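Asker: Here's my sequence, what's the structure:
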Amino acid sequence: MKVESYTKDNYSISTDKSKLDISVIHGFLSKSYWAEDIPVEIVKNGIENSLCFGVYNGTTQVGFARVITDYTTFGYLADVFIIESERGKGLSKWLMECILAHPQLQGLRNFCLMTQDAHSLYSRYGFKNIPKPENFMAKKIEGIYKKKNIQS
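Answerer: Residues are numbered from 1 along each chain as shown. Okay, here's the model as predicted:
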């Protein structure tokens, strides 16, 4: 897969997985409301099986997002974050623009995400509440990363 890179001022966004700082990603996700206590091995496995976008200030990673996709009909946007000290600079908006412009994500019939607190960000880019939520089903295991004997 071709690596895509975007630059703006001292910031860059890249799909090059070799640049990702697993400690930054795991550190953020393990404290997030959606992936609290996630084991590092599960983070690594998720990265390996997704199209990832790292956000960098110089060479320091300050943000991340990944898309779980078949590159044909479906994409699921997950694990989007900008670290606290870099917020308010428009990086999340720029990250969304880069994700949605990515050549391999064009023409997806379904592109979805879940959020508890960022509806205003995602709605700017065409994401809406599910029109017929009664047609949507999910299986979610609450607190899975807090349980013992996790298979990663």
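Asker: Show residues contacting stretch 127-142.
Answerer: Defining contact as Cβ atoms under 8 Å, 6 or more residues apart in numbering, one finds that stretch 127-142 is touched by F111, C112, L113. All C-beta atoms are positioned from the backbone trio N, CA, C, and that covers glycine.
Asker: Those residues into TSV, with extra columns for distance to D79 and pLDDT?
Answerer: Putting the contacts of stretch 127-142 into TSV (distance: Cβ to Cβ, whole Å; pLDDT from 0 to 100) gives the following:
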residue	distance to D79	pLDDT
F111	15	96
C112	14	95
L113	10	94
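Asker: Just the buried ones from the residues you listed?
Answerer: F111 (16 or more other Cβ atoms under 10 Å).
Asker: From the contacts of stretch 127-142, pick the one nearest Y145.
Answerer: L113 (19.8 Å; Cβ to Cβ).
Asker: give me the beta-bridge partners of that closest one?
Answerer: In this entry, L113 is beta-bridged to L77, by DSSP bridges.
Asker: Now do the contacts for it.
Answerer: Shown in contact with L113 (Cβ under 8 Å, 6+ apart): Y76, L77, A78, V80, Y122, F127.
Asker: tally of neighbours for the fourth one?
Answerer: What it means is V80. Counted with other Cβ atoms under 10 Å, the neighbours of V80 add up to 22.
Asker: looking at this, it is in a strand?
Answerer: Yes. V80 sits within a strand when classified using DSSP: H, G, I helix; E, B strand; the rest coil.
Asker: Many thanks, we can stop here.
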